[in-house]
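Trainee: sequence first, then the predicted structure, then my questions.
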Amino acid sequence: MPDSVTPRRARWPRAVRLTRGDDIRATIQYGQRAHGGWFRLFFRPDHAVPMRFAISIRKNVGNACTRNRERRRVKESLRLSRRHWPPNGYGVLVVDRPDPEGLSGLKRNEIVAGLLEKIQETTNRPGK
């Protein structure tokens, strides 16, 4: 089957992915944190580039299939909450925790949007 007929999987552009290990380590070590629900966000200003994201799903969430499904769900939540992204560039690492009850998609979206709003509140504080 030719490539033009085969549907391509939607990928986040490289510009919005936090890909380098050094950048991820610096975000964890020198960045700020926001916690909420089943997620933890590490974020650090990076005004030279637009918002960039990395997603980390811990192994105790489940097997590889379960972790990949959760990663796709988190990416979709980030995409849907785009209007909550801070206007300035940030490097953001999203860490998912084990979810024993099963988190609905709507609740996941609300949590992610709330955490992104916390980043905006942090950046809008006087003295920051």
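Mentor: Yep, it's here. Numbering: from 1, shown residues only.

Trainee: quick one: the strands in the protein, in order.
Mentor: Taking DSSP state E as the test, the strands found in the chain are 32-36, 39-45, 52-57, 90-96.

Trainee: any idea which of the ones you listed gets closest to Ile119?
Mentor: Each of the strands of the chain was scored for nearness to Ile119 using CB to CB, and the closest is strand 39-45 (5.3 Å). C-beta coordinates here come from the backbone N, C-alpha and C atoms, glycine included.

Trainee: what are the bridge partners for the spatially closest residue to Asp23 that is not a sequence neighbour, then?
Mentor: In space, and not counting its chain neighbours, Asp23 is closest to Gly91: 5.7 Å by CB to CB, 6 or more residues apart in numbering. Beta bridges link Gly91 to Arg44, Arg52 when assigned by DSSP bridges.

Trainee: just checking, Gly91 touches Arg52?
Mentor: Yes - counting by CB atoms under 8 Å, Gly91 does reach Arg52; the two are 5.2 Å apart.

Trainee: returning to what we had before: show the model's pLDDT score for the residue nearest to Asp23.
Mentor: pLDDT recorded at Gly91 is 80.

Trainee: next: Ala64.
Mentor: At Ala64, the model reports a pLDDT of 90.
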